[in-house]
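S.K.: This is a predicted model, with the sequence first.
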Amino acid sequence: MLVLTRKIDQTINIGEDIKIKIVEIGNGFVKLGIEAPRELPIYREELYEKLKQLNKEAAKLDMDRLKDFLGLKHQGEK
């Protein structure tokens, strides 16, 4: 992990397309501004972990229950 010390209004560049600017430093927090291409998703870690968990749960979906919910016939039924 790279650890840098920055002051308010100082910036960190990641490649040519991403800039992270220190906007505010408060009592126990740092506020960051991020400039990045719109197509690049940016998530807080806790939201990203929740999204990964929801995706895992969705991948475990019971197809028979989904077919029942959608009113579709099961494989082998007429």
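M.R.: Received it, and whenever you're ready, just let me know what you need. Please read these numbers as outputs of a predicted model, since none were measured by experiment. Numbering: from 1, shown residues only.

S.K.: can we go C-alpha only for contacts and neighbour counts from here?
M.R.: OK.

S.K.: hang on, I25 is in a strand, isn't it?
M.R.: Yes. Judged by DSSP: H, G, I helix; E, B strand; the rest coil, I25 forms part of a strand.

S.K.: what helix or strand is the nearest residue to it once chain neighbours are set aside on?
M.R.: Distances taken as CA to CA, 6 or more residues apart in numbering put K31 closest to I25, at 6.2 Å, once the chain neighbours are dropped. Element membership for K31, per DSSP states H and E: strand 29-35.

S.K.: helices and strands around that strand, which ones?
M.R.: Packing contacts for strand 29-35, counted by 3 or more CA pairs under 8 Å, 6 or more residues apart in numbering; DSSP states H and E, involve strand 18-26.

S.K.: Swap in 10 Å and give it another go.
M.R.: strand 11-14, strand 18-26 (3 or more CA pairs under 10 Å, 6 or more residues apart in numbering; DSSP states H and E).

S.K.: Distance to D62 for the ones you listed - can I get that in TSV?
M.R.: Output for the helices and strands packed on strand 29-35, formatted as TSV (distance: least, CA to CA, whole Å):
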stretch	distance to D62
strand 11-14	41
strand 18-26	40
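
S.K.: will you turn the ones you listed into TSV that also has mean pLDDT?
M.R.: Shown next, in TSV, are the helices and strands packed on strand 29-35 (pLDDT from 0 to 100):
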stretch	mean pLDDT
strand 11-14	97
strand 18-26	97
